[in-house]
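Pasting a predicted model and its sequence here:
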Number of protein chains: 2
Amino acid sequence: MSPTLDYDPHEFPPFAVTVDLVVFTIRDERLHVVLVERGSEPFAGRSALPGGFVRPDEGIDAAARRELAEETGLDLGRDAATLTQLATYGDPDRDPRMRVVSVAHVALVADLPDPRGGSDATAAELVPVDTALRRRLAFDHRRILRDGLDRVRDQLEYLSIATRFCPPEFTLGDLRAVYDAVWDVELDPANFRRKILASGIVTPVAGARATPSASGGRPAQRYRATSTALAPIEPPFRRPTA
Amino acid sequence: MSPTLDYDPHEFPPFAVTVDLVVFTIRDERLHVVLVERGSEPFAGRSALPGGFVRPDEGIDAAARRELAEETGLDLGRDAATLTQLATYGDPDRDPRMRVVSVAHVALVADLPDPRGGSDATAAELVPVDTALRRRLAFDHRRILRDGLDRVRDQLEYLSIATRFCPPEFTLGDLRAVYDAVWDVELDPANFRRKILASGIVTPVAGARATPSASGGRPAQRYRATSTALAPIEPPFRRPTA
DNA sequence: TTAATAGTGTCTGTAAGACACTATACG
DNA sequence: CGTATAGTGTCTTACAGACACTATTAA
């Protein structure tokens, strides 16, 4: 805030503030993002990120949680770490109607029962990210999605966010599948195991073993995230080059 | 943006949008931040980060550049990389007057001739960051400063931002002094040289050697940033533990 | 049995940290 | 000469990647 105001605070310019959400999950071994179909102009009929206006007495992340619940039926609960702020997009012409500044967020969720349409009957769908990036999205949502994807890929290296894509208990194979999907690689199971266990971000569940998948295989030890909060991966788990 | 609006766009809630700036530089081997003194309520007389209202037809980073120039006389020019968005702060009660959402930025500058008061005669000063963090700052500026500091410390590991604190030509000793100041460590000159040169973020200036400092010593090779854009440091330059 | 996944062991190359040593300036 | 900084070389340790090998399940 400027100590010597350029504008009287009661004559401030007319801004609208919104939130947009990049909601990632993993489905069929691939990274997906939640898109909604716009029902009204501008960009009616086009795919868009879920989001909406921040209410006058509502915090910004509260607005993000509320909009996500309203449009997709997803409840992130009180868990602070699955929803993080990405960046703010405020080009003067990003919305043809008026000046809108949007605070974008990234949410990571375990695979959903199924994305249902919002309480207001808007269509919500789960789309593979590469498909979504090839679509013509409303507003500057393609750029926001791109930025969100970059962020998740980066954070996978140094933060324990991978467990957010998993249910409370998971195997190291499940966790590796997250890395494989987000980075589009195939990590060596042996080296993955060594690095993840050394980082301490997961703790084995005493006695719990996973039933082998349909294709057979030895049952795997079950793990839980060591902490409910995000933890640094130390040393960082670097993404394979090329 | 919600496809089914909770609010008619022409009845949007009354928000003001501002920018705040965390401007870092290095002075006397220590990291400093630019603070201004507030001339009016609320928080009159208290130190604050420079910033101000975004104008109706102005982009957000354009507003940040303009406010910085107005309040401290610093011109970042067209260089995109010295000014980066940090995060957005929008608690409903962060400004007692009205609902204000502020987009905070971080700027890195080479040591200034001297921070002059703004064109509107507001006092601007350069304060060591640890001192600034102990002060009672206006609004939530202490948290913003804290977040900005964390960001710069992190980015020093994997982005070539250190050169932004230096004049166009510098020695490896100068660059190491940046790391020492921001991380509050004393890096080994030999290992620092090896890692920085291996990363390729700097290029030697043919024939140019620095005159030894007052205390003597062999003249050092001069370098320039290899690219005007920010480049990743590969492999990352990890901060010493503890 | 085979196929598939879980999990262990080991070798090799790269790179970080510690630090000795040389080079070139000022006084 | 001593002192201070620039710059090189080298040793040790840690860890990542590659990959061989064993373990335990389903079909």
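Perfect, I can see it now. Please read these numbers as outputs of a predicted model, since none were measured by experiment.

quick one: the helix or strand bottoming out on mean pLDDT in chain A to chain centroid distance?
Ranked by mean pLDDT, DSSP states H and E, the helix or strand of chain A with the weakest confidence is strand A:202-209, at a mean of 89. From the chain centre to the centre of strand A:202-209 is a distance of 27 Å (Cα atoms, centre = their mean, to the nearest Å).

Stretch A:48-63 now?
With Cα atoms, centre = their mean, you get 16 Å for stretch A:48-63.

and that stretch, how far apart are its ends?
Length of stretch A:48-63, first residue to last, Cα to Cα, to the nearest Å: 17 Å.

quick one: contacts of the least confident helix or strand of chain A?
Here strand A:202-209 makes contact (Cβ atoms under 8 Å, 6 or more residues apart in numbering or on different chains) with A:163, A:169, A:172, A:175, A:196, A:219-226. For every residue, glycine as well, the C-beta is placed using N, CA and C.

switch the cut-off to 10 Å
Strand A:202-209 is contacted by residues A:160, A:162-163, A:166, A:168-172, A:175, A:196-197, A:218-227 when judged by Cβ atoms under 10 Å, 6 or more residues apart in numbering or on different chains.

In chain A, spot the helix with the most residues.
Longest helix in chain A by number of residues (criterion: DSSP state H): helix A:141-158.

If we go by neighbour counts, what in the following helix or strand past that helix is buried?
Following helix A:141-158 in sequence order, the next helix or strand is helix A:172-183 (DSSP states H and E). Buried residues in helix A:172-183, counting neighbours by 16 or more other Cβ atoms under 10 Å in any protein chain shown, are found at A:172, A:174-183.

related to what we said a few turns ago, run through the contacts of strand A:202-209 and flag the ones next to DNA strand C.
Counting by Cβ under 7 Å from any atom of the strand, A:171-172, A:218-221 from the contacts of strand A:202-209 sit close to DNA strand C.

What score does the residue most central in space within chain A have for pLDDT?
The C-alpha lying nearest the average C-alpha coordinate of chain A belongs to residue A:107 (Cα atoms, centre = their mean; 2.9 Å). We have a pLDDT of 96 for residue A:107.

Looks like it contacts residue A:84 (just checking).
Yes - between residue A:107 and residue A:84 there is a contact at 8.0 Å, judged by Cβ atoms under 10 Å.

Now the common contact residues for these two.
Common neighbours of residue A:107 and residue A:84, counting by Cβ under 10 Å, 6+ apart, are A:64, A:148.

Name the residues of chain A found near DNA strand D, please.
Counting by Cβ under 7 Å from any atom of the strand, the residues of chain A near DNA strand D are A:188, A:190-191, A:194-195, A:198, A:209, A:211-212, A:214, A:216-219, A:235, A:237-238, A:240.

follow-up on the earlier one: sort out which one of the buried residues of helix A:172-183 lies nearest DNA strand C for me.
Lowest distance from DNA strand C to the buried residues of helix A:172-183 (Cβ to the nearest atom of the strand) belongs to residue A:172, with 4.9 Å.

quick one: buried residues of the host helix or strand of residue A:16?
Here residue A:16 is covered by strand A:16-27, with elements defined by DSSP H and E. Using 16+ other Cβ under 10 Å as the test for burial, strand A:16-27 gives A:16-26.

same thing with stretch A:190-206?
For stretch A:190-206, using 16+ other Cβ under 10 Å, the buried residues are A:192, A:195-196, A:199, A:201-202.

Same question for stretch A:47-62.
Neighbour counts over stretch A:47-62 (16+ other Cβ under 10 Å) mark A:47-55, A:58, A:60-61 as buried.

For chain A, list the residues in contact with DNA strand C, please.
So far as Cβ under 7 Å from any atom of the strand goes, chain A lies against DNA strand C at A:171-173, A:189-191, A:193, A:209, A:212-213, A:215-221.

How about stretch A:175-184 and chain B, touching?
No - judged by Cβ under 10 Å from any Cβ of the partner chain, stretch A:175-184 stays clear of chain B, getting no closer than 16.2 Å.

I'd like the average pLDDT over that stretch.
Across stretch A:175-184, pLDDT averages out at 97.

quick one: which two of the buried residues of stretch A:190-206 are the most distant?
A:192 and A:201 (12.4 Å; Cβ to Cβ).

Would you mind listing the residues touching both of the two?
Residues touching both residue A:192 and residue A:201 (Cβ under 10 Å, 6+ apart) are A:175, A:237.

Tell me which of the buried residues of stretch A:47-62 fall in helices.
Mapping those onto helices (DSSP H) picks out A:60-61.
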